[in-house]
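Peer 1: just coords:
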């Protein structure tokens, strides 16, 4: 199972299962099936499967960028486990490749568990403070939005449709949160959510 290091584009998220299947859920360098990640050969903006490769955590840490350098490394370079083995030898420690891979996989899992625990603790702290912490904040949460909601309500009270309210807000240059023009569906959703509570 791959781990996420950061939030990536929808194109990458769509390509990831294909790349894992194509590479048979194994690191293309050392063959490990533990702690798999997807390597962007030409950088994070290029998400074509041709420029993505499955690597284990250790090999991903040492994999070069660029198609030519990556091809040379795949054919002749050291695996992440071999480099780790070399560093262990400097400290008079010896582990075989399988032990190193399992050890590092356990470390990655532990790191993920620690992050999950820390996030859970932070969420509980925020909730206990009476604040909202999950997802996008609802409209009305940010400064200035309450006044716009009040304008929507007064226009609605004068029996205007949601589409007419959107037209009025747009005509008066009142911006939406995202900066795009208002539409009736958005206004309907905002007012219905507020009326619900």
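Peer 2: In hand now; what should we look at? These numbers were taken from a predicted model, which means no experiment stands behind them.

Peer 1: Look up how far residue 174 lies from residue 152.
Peer 2: Counting by C-beta to C-beta, to the nearest Å, the gap from residue 152 to residue 174 is 9 Å. Every C-beta, even on glycine, is put in place using the N, C-alpha and C of the backbone.

Peer 1: make that residue 57, sorry
Peer 2: Distance of residue 57 to residue 174, computed by C-beta to C-beta: 49 Å.

Peer 1: out of the two, which sits in the more crowded spot?
Peer 2: Higher neighbour count among residue 57 and residue 174: residue 57, with 22 against 14, using other C-beta atoms under 10 Å.

Peer 1: Could you check whichever strand or helix holds residue 69 and say which residues are buried?
Peer 2: Using DSSP states H and E, the element containing residue 69 is helix 67-76. For helix 67-76, burial by neighbour count (16 or more other C-beta atoms under 10 Å) applies to 70, 73.

Peer 1: Go ahead and name everything in contact with that helix.
Peer 2: Residues outside helix 67-76 that contact it (C-beta atoms under 8 Å, 6 or more residues apart in numbering): 28, 29, 39, 41, 42, 51, 53, 63, 64.

Peer 1: Report the buried members of the residues you listed.
Peer 2: Applying 16+ other C-beta under 10 Å to the contacts of helix 67-76 flags 28, 29, 39, 41, 51, 53, 63 as buried.

Peer 1: List the residues that contact residue 33.
Peer 2: 25, 26, 27.

Peer 1: Produce a PyMOL select command limited to the buried residues of these.
Peer 2: Filtering the contacts of residue 33 down to the buried ones (16+ other C-beta under 10 Å) takes a single PyMOL command:
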select buried, resi 26+27
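
Peer 1: List just the nearest of the contacts of residue 33 to residue 188.
Peer 2: Closest approach between the contacts of residue 33 and residue 188, by C-beta to C-beta: residue 25, at 45.3 Å.
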